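> I'll drop the sequence and a predicted model, then ask my questions.
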Amino acid sequence: MEKIDELSQLYFGEYCKAIYKTHNLKFLNMEKSKIPDPFAELRLKSGFETIDDQNDPVTMLLRHKDVRKTAHNYKIFTSEAVPGRIVVPSEVNIRDTRQIPFEVDPPKHGAYRSIVESWFKRPLQAEYQQALAEMISWIIEEMITRDSVEVVNEFALPLQSRALTLLLNTPFEESETWISWGTHVFRSEGEALDADKANILYDYIDRELDRAIANPNDDLYSVLIQSDFEGRKLSKEEAKGVLVLTFAGGRDTVINAVTNAIAYFADHQESLERIRKEPELINNAVEEMIRYFSPLTHMGRVVTEDTQVCEHAAKAESRVSLCWASANRDESVFENPDEIVLDRKINPHVGFGFSHHNCLGATHARQIMRILLKELSEQVQSIDILDLKENIEHWGNFQRKVGYHKINVKFNPITQ
Ligand code: EMZ
């Protein structure tokens, strides 16, 4: 099957080249940045699909309404299962630490969240945004001098890691270590889950927490270990839970969002132009990109009692997943769901999750994307894609493009 796909892609490529030669057309309709929606058919038909994940099946919910309803019902669809089990692919074999507040349900969820909420809202502060803007502007300035930039590893990964030094309030140099870990802290090339790699992160966090306990300063490690929780101090394990989430949750997701945005602007110079002329569109444009890209395809829940989803029995102890990527293309909610409509006004997307468990890092991620759009529009005239390798996820029979393994581009600066 794969062979046939490869062949048909090859023939399609040849066919396009032939058309290109005959008509001397630019590849105007060959949008390399497109992210197809593999869920459309089943979303309409049954609304769900059961897939296998390491012999622990998951029923993926595909409709916007069901995804939101299920996300809201934390009593029957819990996040507080064995650590790692709500993640798809399951991380139970590589992680014992419970991620906090991600893997804790209300009311405790709210209690943990209130400890960290104000810290994770710091990206709303003017100085934070100023520092982030300088960081991103400087990266772009450097990139536009090069003949070719591999966006995933040379642009998005350093940008994500450097921006994270602001979120943790740690020295800039730490980003070098984080960059060396690559795009995912639990996965490596060719390995869905890599325990050795995960241990590098756990050991790093342990060392940093010990350092903060001995010598507290004003970074996130120190703030966490000094926090009060239900009349006592937060334990080291709980602090570690917040930190594992901070490092893991916002990594490949941010990298995918940044990389997909660059690919999109390469295909849509007119959109870059529009943002340059109408920067007031940026906030809407970022929400729309998050909807369209859906950097995290889905997140699981564990069923606590026999129930039904989409008129289909869901047994206690089984897993369901909330497919954000499918919900975000639901045609009963979004007009032209497969297009990026930069000024889309009503946009109830679930790209950052929904309800109690909505993304803790969303404020930081949104600022990164907003500043990226602003700086790109001010410095870059156009972007050429030189070559690329798509990152395709496999979920049962679904194949979903989530971003790129690599994409080489040339940034063309604005010349006055
Ligand atoms: C978990 C997850 C959180 C998980 C919002 O998503 O992101 C995944 O990339 C991690 O592997 O552990 O943090």
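Right, received. Where do you want to start? Residues are numbered from 1 along each chain as shown.
> low-scoring pLDDT stretches of this protein, where are they?
For the chain, the stretches flagged by pLDDT under 70 are 1-29, 190.
> For it, what lies in contact range of the ligand?
Contact residues, the chain versus the ligand (CB under 6 Å from any ligand atom): Val87, Glu91, Gln99, Phe102, Phe186, Leu245, Ala248, Gly249, Asp252, Leu296. Glycine gets a C-beta too; all of them are placed from N, C-alpha and C.
> if we go to 8 Å?
Residues of the chain lying close to the ligand by CB under 8 Å from any ligand atom are 84, 87, 91, 95, 99, 102, 184-187, 244-245, 248-253, 296, 299, 353, 359, 361.
> residue ranges of the strands in the chain, please?
Under the criterion DSSP state E, strands of the chain are mapped to 48-51, 58-61, 77-78, 149-150, 228-229, 232-233, 299-303, 307-309, 312-314, 319-322, 380-395, 398-413.
> Those: which one's closest to Gln129?
Using CB to CB as the measure, strand 380-395 is the one of the strands of the chain that comes nearest Gln129, at 20.1 Å.
> So which elements touch the closest one?
Here strand 380-395 touches helix 252-267, helix 269-277, strand 398-413, going by 3 or more CB pairs under 8 Å, 6 or more residues apart in numbering; DSSP states H and E.
> among these, which is the most enclosed?
Greatest average neighbour count among the helices and strands packed on strand 380-395 goes to helix 252-267 (a mean of 24), per mean count of other CB atoms under 10 Å.
> Could you tell me the angle between that one and strand 398-413?
With axes from the mean of the first three to the mean of the last three CA atoms, to 10 degrees as the basis, helix 252-267 and strand 398-413 are set at 60 degrees to each other.
> which other helices and strands contact helix 252-267?
Using 3+ CB pairs under 8 Å, 6+ apart: helix 252-267 touches helix 157-168, helix 269-277, helix 282-293, helix 362-379, strand 380-395, strand 398-413.
> check contacts around Ser227.
With contact set as CB atoms under 8 Å, 6 or more residues apart in numbering, Ser227 has these partners: Ile115, Lys233, Leu234, Ala239.
> thought the first one was touching Lys233?
No - when contacts are counted by CB atoms under 8 Å, Ile115 is not listed as touching Lys233 (10.8 Å).
> The two - which one has more neighbours?
Per other CB atoms under 10 Å, whichever of Ile115 and Lys233 has more neighbours is Ile115, with 19 against 13.
> ok, now which ones touch that one?
The contact partners of Ile115, taken as CB under 8 Å, 6+ apart, are Leu224, Ser227, Asp228, Phe229, Leu234.
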